[in-house]
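> Coordinates for the following, if possible.
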Amino acid sequence: MSYLVLARKWRPKDFADTVGQEHVLKALTNALQTGRLHHAYLFAGTRGVGKTTIARILAKALNCDSGVTDSPCGECSACTEIDEGRFVDLIEVDAASKTKVDDTRDMLDNVQYAPARGRFKVYLIDEVHMLSKSSFNALLKTLEEPPPHVKFLLATTDPQKLPVTVLSRCLQFNLTRLTPRLIQDRLVHICAAESIPAEKSALALLARAADGSLRDALSLLDQAIAYCGGNVDEAPVAAMLGTIDRDHVSRLVELLAAGDASGLMATLKDIDQQFPDYARLLEDLARALQRIAVYQVVGDYESDDELLDASVARLSEV
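Purely as a prediction, here's the structure:
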């Protein structure tokens, strides 16, 4: 059996398993519980934060054999078919590859027909901002007044490119980047479930490198498992990511505060031997200085970076 990457294996199957995005999940669950369902939803946010995943779970909630619910059973034929990508009434469209107006018209030709299998016919249009102007114009009327059996779920990483006429017809949800701590907690849970030995500090590095994207974090975890040969330890993960040991960042801050130019040059020479990612080094320095400034003003403020918090108190006295 072929290996299933962690990002696909651990894709959430229901709202309860979804990481973060509480403001979106609360609105959707309340709508499902009260029956106040909009005909068009727009999920906007950066890559890997759950746009398509939440849209698919919503499609399950609408078509579950047990009825419209905020907790789809995940076991009926409708739920399993949606999970496996073969539910006939969930039409997923990749707008990045189908940008022409003819593609949109072909899709809309079938809107009038009743669902073949489920309760609702759901159109999930991914990267909707890639549609052409003519395609948007062709979509407007149906998007405003679709048949009662049709729901539109739109996902985009660039909502600024969507026409105002489309935005005004949708219920909009802006998905936020996940915090490093949320991502790290999820990685810890997955490593435990997969029986993968992993240092917490190594997972913290992966969580920070993911830049708010859980999918990126899981891809990096897959890469780290292969790179480390099983045990996910901090040193090889740092080497894989091209990150600098946190002690070096602390040392640079101390030398900057002391005005020790020769010490700075010597430390940078040592760092250069590790072939670092200098953009990330500058980012780490800026984050450390910003965190120190906050600490000096408000005291013991806990951030989302546990590794940095551990050294901030000492550096604040420099």
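> any idea which residue sits dead centre in the chain?
Val49 (1.7 Å; CA atoms, centre = their mean).
> Look up the closest residue to that one, ignoring the ones flanking it.
Closest residue in space to Val49, ignoring its immediate chain neighbours: Leu175 at 4.6 Å, by CB to CB, 6 or more residues apart in numbering. Every C-beta, even on glycine, is put in place using the N, C-alpha and C of the backbone.
> which residues does that neighbour contact?
Applying CB atoms under 8 Å, 6 or more residues apart in numbering to Leu175 gives the contacts Gln21, Val24, Phe43, Ala44, Gly45, Thr46, Val49, Gly50, Lys51, Ile54.
> re the thing from before, contacting residues around the residue nearest to the centre of the chain?
Contacts of Val49 (CB under 8 Å, 6+ apart): Gly20, Gln21, Leu175, Thr176, Arg177, Leu178, Gly212, Ser213, Leu214.
> Is it in a helix, a strand, or coil?
Here Val49 is recorded as coil under DSSP: H, G, I helix; E, B strand; the rest coil.
> Return the set of buried residues in the longest helix along the chain.
In the chain, assigned by DSSP state H, the helix with the most residues is helix 278-298. Using 16 or more other CB atoms under 10 Å as the test for burial, helix 278-298 gives Leu281, Asp284, Leu285, Ala288, Arg291, Ile292, Tyr295.
> And for stretch 22-40?
Quick answer for stretch 22-40 (16+ other CB under 10 Å): Val24, Leu25, Leu28, Thr29, Ala31, Leu32, Leu37, His39, Ala40.
> Tell me how far the helix or strand harbouring Asp270 lies from the chain's centre.
Element membership of Asp270 [criterion: DSSP states H and E] is helix 261-272. Distance of helix 261-272 from its chain centroid, counting by CA atoms, centre = their mean, to the nearest Å, is 37 Å.
> What's the mean pLDDT across it?
The average pLDDT within helix 261-272 is 85.
> Also stretch 157-169?
In the prediction, stretch 157-169 has an average pLDDT of 92.
> now do stretch 20-37
93.
> same deal with stretch 238-250?
The model assigns stretch 238-250 a mean pLDDT of 74.
> would you list every one of the strands in this protein?
Applying DSSP state E to the chain gives strands spanning 40-44, 90-94, 121-126, 150-156, 171-174.
> Put together TSV for the ones you listed, with distance to Arg186 on each row.
Shown next, in TSV, are the strands of the chain (distance: least, CB to CB, whole Å):
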stretch	distance to Arg186
strand 40-44	20
strand 90-94	25
strand 121-126	23
strand 150-156	21
strand 171-174	21
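> ok, Ser213 touching Lys51?
No: counting by CB atoms under 8 Å, Ser213 does not reach Lys51; the two are 11.1 Å apart.
> The two: which is more packed in?
When neighbours are counted by other CB atoms under 10 Å, Ser213 and Lys51 differ, and Lys51 comes out ahead with 26 against 21.
> Just the pLDDT for the more buried one.
Reported pLDDT for Lys51: 94.
> could you list every residue that touches it?
Contacts of Lys51 by CB under 8 Å, 6+ apart are Phe43, Ala44, Gly45, Asp126, Ala155, Thr156, Thr157, Leu175.
> Likewise for Thr69?
Contacts of Thr69 (CB under 8 Å, 6+ apart): Leu32, Ala61.
> Next one: it, what pLDDT does it get?
Thr69 is given a pLDDT of 91.
> any idea how far it is from Leu4?
Plainly put, Thr69 is 28 Å away from Leu4 if you go by CB to CB, to the nearest Å.
> burial of the nearest residue to His129 once chain neighbours are set aside, as a residue count?
Distances taken as CB to CB, 6+ apart put Lys161 closest to His129, at 4.0 Å, once the chain neighbours are dropped. Per other CB under 10 Å, the neighbour tally for Lys161 reads 11.
> Output the below-cut-off pLDDT ranges for the chain.
Low-confidence segments of the chain, defined by pLDDT under 70: 1, 243-246, 274-275, 299-318.
> domains for it, by residue range?
6-174, 180-241, 246-315 (automatic domain parsing).
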